Each structure stands twice: as structure tokens, then as C-alpha cells.
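After the sequence you'll find the predicted model.
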2 protein chains.
Amino acid sequence: MSTTENDAVIETSGTHAITIVRDFDHPVALVFRAMTEPDLIAQWIGPKYLTNVEVTHDARHGGTWTLVQRDPDGNEHAFRGVMHGEQTPELSQRTFEWLGLPGHVSFETLRLEDLGGGRTRAHQVAVFTSPQDRDGMLASGMATGVNEGFERMDDLLRSL
Amino acid sequence: MSTTENDAVIETSGTHAITIVRDFDHPVALVFRAMTEPDLIAQWIGPKYLTNVEVTHDARHGGTWTLVQRDPDGNEHAFRGVMHGEQTPELSQRTFEWLGLPGHVSFETLRLEDLGGGRTRAHQVAVFTSPQDRDGMLASGMATGVNEGFERMDDLLRSL
């Protein structure tokens, strides 16, 4: 994992949660676009060695999202979830499941905070159904995927 | 709260979760029907002093559910959520939100275990985004609603 000054702060909270805090040098509206428009999501999400080959994002209450990533050997990794409530910059909530381990679903809450001066702080909380699921996510290399993804998102934001 | 020998075992798990275990003297298929058919749900869910005036339950991935309860003074209490994955007796997963405290959403997993002899054990785990949300749910009188509801469900199951 490449380490930069702007790596996300990824911490555990209690027994069931992971919290992620990460700053972006762009306004809330732009960060929200990058996180919700499928064509933009496909350009940054996940670790660098994976290619995003399918991204859907229906931001309505009950809408679904999907993500399919392909590795250099041609293997595909699929994720899915559903949206709870309208997805807004102030509050976006959804479920998350990696179909390689079906039934082990987490619930994510994302808040985008306006830091002023055109800067944004993303606050994310993911809660898991068991401490084992939480620890399994941490052990999966999540931090690399999160940070490499956010670095690519920085590049994308500069280009928008 | 009325206490009976068959009260649910309601416990906290770690910092973010509530677990509920409760046995029913009826087969899995019948318990699942009572938990998923809106006309049946309306006959048992919640504490006895509330009347269920609206129940919807769309069991598909991304389907929504709603519940509106009316108290003796005519005040209405509304709840909603979305389904994650197909809802089956082996695994039903959904989000839960009381619209009186919007944005404080929990994620519920329900498994119905066949105990043999036509009996069923329900295992439920609810995880909350913060320990404060979890403790707020416990303080809300949840146990009374859960147990009075399950007693009414026992009566309903006998009648089906």
C-alpha cells in the first residue's frame, strides 16, 4: 500500500464498526458527484490493480447499487447493496455485500462535511453483523483499496 | 410488561448490537408466513396498546417495508426500511428506521431455525450505527413491544 499524507484515517469503533475519515480538496457537490454518478465511480473506486467493469447506482430509497471488478487474471469480484433513504451529501446510507461471501452484509453511513474554502471531509461508518465480519473486512486489505481509490478520486476531481 | 415463560431472550452483543432469540410452537413455514404477509404482520407486530393501520412488505432485494401504528390518542408512529437480498426463512436482512428519529437506521438479520417436531427458533441480530443508537432502542421499551407482539403471534399461529 502506498502511504501518503492524505491517507484516510481508518479506525475501529467498539466491537462492530469501522470508521473512515478522509479530506478532499474539492467542494461537497463535486465529491458527491464522484461518489454517485456511475461513470465517475467507475474511474476511481477500489484498488489500482482492479478494473471496474460494471457500476450501477440508483440513489432512491430502495434503489440498488452494484459493482463488478476484474483482476489482471480475468477473475471478477462482485458487490451489491440497497439504498436506505434518499441519498444526499448530508446523509447517504446503504447496505454492502461482497458476493464472494454472501450473507455477510454491512450497513454504511456517509456524511460529507463542508470544511469551507472548497474543501470536504468525508465521514463514513460501517457496522457489521458480528465482530468477526468486521475483523474479516479489515483483514481483507480494505485499507489499500480505500486509499488507492481515494487517490484516484483526487485525480478525477481535478479533471472535472 | 407481562412476563411469561416464553419471553424472548433479548441481550446486548458488544457495543453496537442487540440479539433476540425466541421459540415458537409452530413450523418454520408458518412462522415465516406470519412474519412476511402484510395482512398477518398487521395482526401481531408491536405492543398491544398500538393498532397497526398500515403494513407493507416487498420481499425482493431492494423491496421496501413500511409500518404505521396508531396509539389510543390517535397519534401515528411510522417505521420503514429496505430489504437486502431475497428474504427467506434461512436468512432475511433489512434496514429499520423509526421516522420519529430519522437517520438513525439499524440493520437486522433474521434466521429461522427448524427445531424439529414442528417447532421454530427465531434468531435476530440488529446492529446500530452507534452505541448510543443501540442503547436508545433498548431504553425505548423495545422489550415490551417485542414480547407482546410475539405473544399475539402465538395466538395468530394457532389460528392459521
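Good, I have the coordinates. This is a predicted model, so every value here is computed, not measured.

going forward, measure contacts between C-alpha atoms and count neighbours the same way
Will do.

Name the residue of chain A that lies nearest to chain B.
residue A:62 (4.7 Å; CA to the nearest CA).

That residue and residue A:81 touch, don't they?
No. Look at residue A:62 against residue A:81 with CA atoms under 8 Å: they stay out of range, at 9.6 Å.

residue contacts, the nearest residue to residue A:47 once chain neighbours are set aside?
Leaving out its chain neighbours, the residue that sits closest to residue A:47 by CA to CA, 6 or more residues apart in numbering or on different chains is residue A:145, at 4.0 Å. Contacts here follow CA atoms under 8 Å, 6 or more residues apart in numbering or on different chains; on that basis residue A:145 touches A:45, A:46, A:47, A:48.

Can you tell me the SS state at residue A:145?
With DSSP: H, G, I helix; E, B strand; the rest coil as the basis, residue A:145 sits in helix.

Residue A:19 too?
Strictly by three-state DSSP, residue A:19 counts as strand.

who touches it in this structure?
Contacts for residue A:19 (CA under 8 Å, 6+ apart) come out as A:9, A:10, A:11, A:12, A:13, A:123, A:124, A:125, A:126.

I'd like these as a markdown table, with secondary structure appended.
Output for the contacts of residue A:19, formatted as a markdown table (three-state DSSP):
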| residue | secondary structure |
| --- | --- |
| A:9 | strand |
| A:10 | strand |
| A:11 | strand |
| A:12 | strand |
| A:13 | strand |
| A:123 | strand |
| A:124 | strand |
| A:125 | strand |
| A:126 | strand |
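
which one of those residues is nearest residue A:72?
Among the contacts of residue A:19, residue A:10 lies closest to residue A:72 (CA to CA), at 27.1 Å.

Tell me, how many residues neighbour that closest one?
18 (other CA atoms under 10 Å in any protein chain shown).

Check the one 10 residues further on too.
Neighbours of residue A:20 under the rule other CA under 10 Å: 17.

For it, give me its contacts.
Residue A:20 neighbours (CA under 8 Å, 6+ apart): A:8, A:9, A:10, A:11, A:122, A:123, A:124, A:125.

Tell me who's in contact with the first one.
Counting by CA under 8 Å, 6+ apart, residue A:8 touches A:20, A:21, A:22, A:23, A:146, A:147.

let's see it at 10 Å
By CA atoms under 10 Å, 6 or more residues apart in numbering or on different chains, residue A:8 lies in contact with A:19-23, A:122-123, A:143, A:146-148, A:150-151.

Out of the residues you listed, who's the most crowded?
Going by other CA under 10 Å, residue A:147 tops the contacts of residue A:8 with 25 neighbours.

Can you tell me, leaving aside adjacent residues, what's nearest to that residue?
Closest to residue A:147 by CA to CA, 6+ apart is residue A:7, at 5.9 Å.

and that neighbour, which of the three is it?
coil.

Quick check: it touching residue A:154?
No. Taking contacts as CA atoms under 10 Å, residue A:7 lies outside contact range of residue A:154: 11.5 Å.

any common contacting residues for the two?
What both residue A:7 and residue A:154 touch, as defined by CA under 10 Å, 6+ apart, is the set A:23, A:148.

just to revisit the earlier point, show me which pair in the contacts of residue A:20 is furthest apart.
Most distant of these, by CA to CA, are A:11 and A:122, 14.0 Å apart.

Give me every residue in chain A lying close to chain B.
Remark: the part of chain A in contact with chain B comprises A:13-18, A:61-65, A:80-85, A:91-97, A:102-109, A:125-131, using CA under 10 Å from any CA of the partner chain.

do that again at 7 Å, thanks
Those residues of chain A that sit near chain B, judged by CA under 7 Å from any CA of the partner chain, are A:14, A:15, A:16, A:62, A:63, A:64, A:81, A:82, A:84, A:107, A:127, A:129.

Where does pLDDT dip in chain A?
Within chain A, the stretches with pLDDT under 70 are A:1-4.

That one: helices as residue ranges?
A:28-36, A:38-41, A:131-139, A:142-159 (DSSP state H).

what's the spacing between the first one and its chain's center?
Read that as helix A:28-36. Centroid displacement of helix A:28-36 relative to its chain, using CA atoms, centre = their mean, to the nearest Å, is 12 Å.
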